[in-house]
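# I need the structure of the sequence given here:
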Amino acid sequence: MDAVVTDDLLAQSAAELFARHATPAAVRAILGGGPAGVLWSAVEEAGFADALVPEEAGGAGLGPADALPVLLAAGRAAAPLPLGGTMLARAALARAGMAVPSGAIALAEALPGEALRGRVAAHGAAEWVLLPRPGGARLLPVAEAERDDASPYGTVLRWASAGNAPTLPEADWMAAGAWATLAAMAGAMERILEETVRYATERRQFGRAIAAFQAVQQQISVMTEDVFAARIAAQLASLPGEGGTGVAGLDTARIAAAKARIGEAASRVAGIAHAVHGAMGITAEVDLHLWTGLLHRGRLRFGAESHWNAWLGAEFLRGAEAQSLAFVRARLAPPLAENRPAEETTP
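Below you'll find the model as predicted:
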């Protein structure tokens with residue numbers, strides 16, 4: 001089947017699933033501490049959680065670029081599930097020949113120190129946590145963890161010991177978590193744009209829709225540029241790197257550029273959306289709050305813009321490229337564009 005058709009079918013299937021099971025009311029209930037079992041069961045039954053697991057291990061055998069539409073759809077619904085983390089963790093476990101447990105797996109941000117502590121997203125859908133540690137990531141049960149701290153940006157969990165927890169080989173789980181986060185952010189921004197345009201078209205002031213005012217049009221045009229740039233950045237971050245050494249073949253350089261760009265866009269998109277809505281979206285009663293809240297949390301998860309910009313700068317200084325443009329072409333350009341014959345790229 002044509003890849004474009006497959007992508008469209010997957011995106012449509014994911015959109016329909018989240019429209020049914022991740023309504024704003026359902027999302028608020030989960031964020032408020034309610035169970036996520038119905039939503040997660042629907043995701044499991046659709047096979048989305050095993051999208052990156054090789055076919056020989058019972059999965060769909062997709063790559064990150066193929067699975068991206070599912071994560072975008074989850075972000076558009078602000079679905080409070082560790083779907084991207086589960087996809088990546090299950091794929092890594094399967095490729096390592098380890099048993100893949102049932103239930104959702106959250107990727108944790110490791111905290112300094114020798115204690116088994118990590119920060120996970122502030123929702124209760126996960127049954128397992130993959131905690132990066134020196135020597136390899138440990139798969140730990142949430143049921144055996146103690147809560148050290150909690151905030152809107154994440155919950156810090158601590159384990160007394162790792163016991164016989166499965167240990168995955170060392171990998172760049174920081175970049176893997178950033179990919180899962182930026183994909184959801186890009187999807188949320190698309191939904192914010194739709195909601196903002198709809199509101200501006202329906203809301204009337206001085207006898208006409210506010211979308212007719214030039215100032216509002218200018219704000220929405222800036223938002224549109226950022227939203228489409230975020231979508232392209234997420235697609236770029238999902239392309240395999242040279243040698244495919246990252247988790248599921250992901251490339252840290254592309255993820256770094258995308259996470260930084262999407263983080264910058266998120267701040268502007270959220271601000272413009274609130275401005276056009278009359279700043280009402282900051283209240284929990286308005287649905288816009290669900291998506292802008294996701295953006296603000298996502299900016300700080302798995303490295304903010306400053307972290308990844310610094311990473312890119314250090315990588316450039318370590319590299320052989322003398323100019324930044326050469327670095328971008330060598331490390332960030334899509335593989336097809338790099339390898340395409342000159343006659344195919346000539347208009």
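# from here on, just use CA atoms for contacts and neighbour counts.
OK.
# and the longest helix for this structure?
In the chain, taking DSSP state H as the definition, the longest helix is helix 173-202.
# after it, which helix or strand is next?
Of the helices and strands lying after helix 173-202 in sequence (DSSP states H and E), the nearest is strand 204-205.
# mind pulling up the pLDDT for the closest residue to A143 other than its chain neighbours?
Leaving aside its chain neighbours, A143 sits nearest to E127 (7.2 Å; criterion: CA to CA, 6 or more residues apart in numbering). Note on E127: pLDDT of 94.
# could you check how many residues crowd around E127?
Look at E127: counted by other CA atoms under 10 Å, it has 15 neighbours.
# before we move on, what about G32?
Using other CA under 10 Å, G32 has 12 neighbouring residues.
# against R76, how distant is it?
G32 sits 19 Å away from R76, going by CA to CA, to the nearest Å.
# quick check: H296 vs V129, distance?
Distance check for H296 against V129: by CA to CA, it reads 22 Å.
# can you give me the strands for the protein?
Taking DSSP state E as the test, the strands found in the chain are 104-107, 109-110, 116-120, 126-131, 137-141, 146-151, 154-159, 167-168, 204-205, 208-209.
# if I look at the residue of the chain most remote from its centre, what pLDDT would I see?
The C-alpha centroid of the chain is most remote from G207, which lies 40.8 Å away (CA atoms, centre = their mean). G207 carries a pLDDT value of 88.
# what's the burial count for A145?
A145: 18 surrounding residues under other CA under 10 Å.
# which residues are in contact with it?
A145 is in contact with 157-160, counting by CA atoms under 8 Å, 6 or more residues apart in numbering.
# low pLDDT regions in the chain?
In the predicted model, the chain carries pLDDT under 70 at residues 1-7, 122-124, 243-244, 279-281, 336-347.
# mind splitting it into its structural domains?
Here the chain is described, according to automatic domain parsing, as comprising the domains 3-168, 173-336.
# hang on, the earlier thing: which strands or helices does the longest helix of the chain pack on?
helix 64-76, helix 83-95, strand 208-209, helix 214-237, helix 252-276, helix 288-300 (3 or more CA pairs under 8 Å, 6 or more residues apart in numbering; DSSP states H and E).
# which one of the ones you listed lies nearest to F327?
Closest approach to F327 among the helices and strands packed on helix 173-202 (CA to CA): helix 252-276, 10.3 Å.
# quick one: buried residues of that closest one?
By neighbour count on 16 or more other CA atoms under 10 Å, the buried set for helix 252-276 is 252-266, 269-274, 276.
# any idea how far it is from the middle of the chain?
The chain centroid and the centroid of helix 252-276 are separated by 12 Å under CA atoms, centre = their mean, to the nearest Å.
# does that helix pack against any helices or strands, and if so which?
Counting by 3+ CA pairs under 8 Å, 6+ apart, helix 252-276 packs on helix 173-202, helix 214-237, helix 288-300, helix 305-318.
# do you know which of those helices lies nearest A49?
A49 lies closest to helix 173-202 among the helices and strands packed on helix 252-276, at 12.5 Å (CA to CA).
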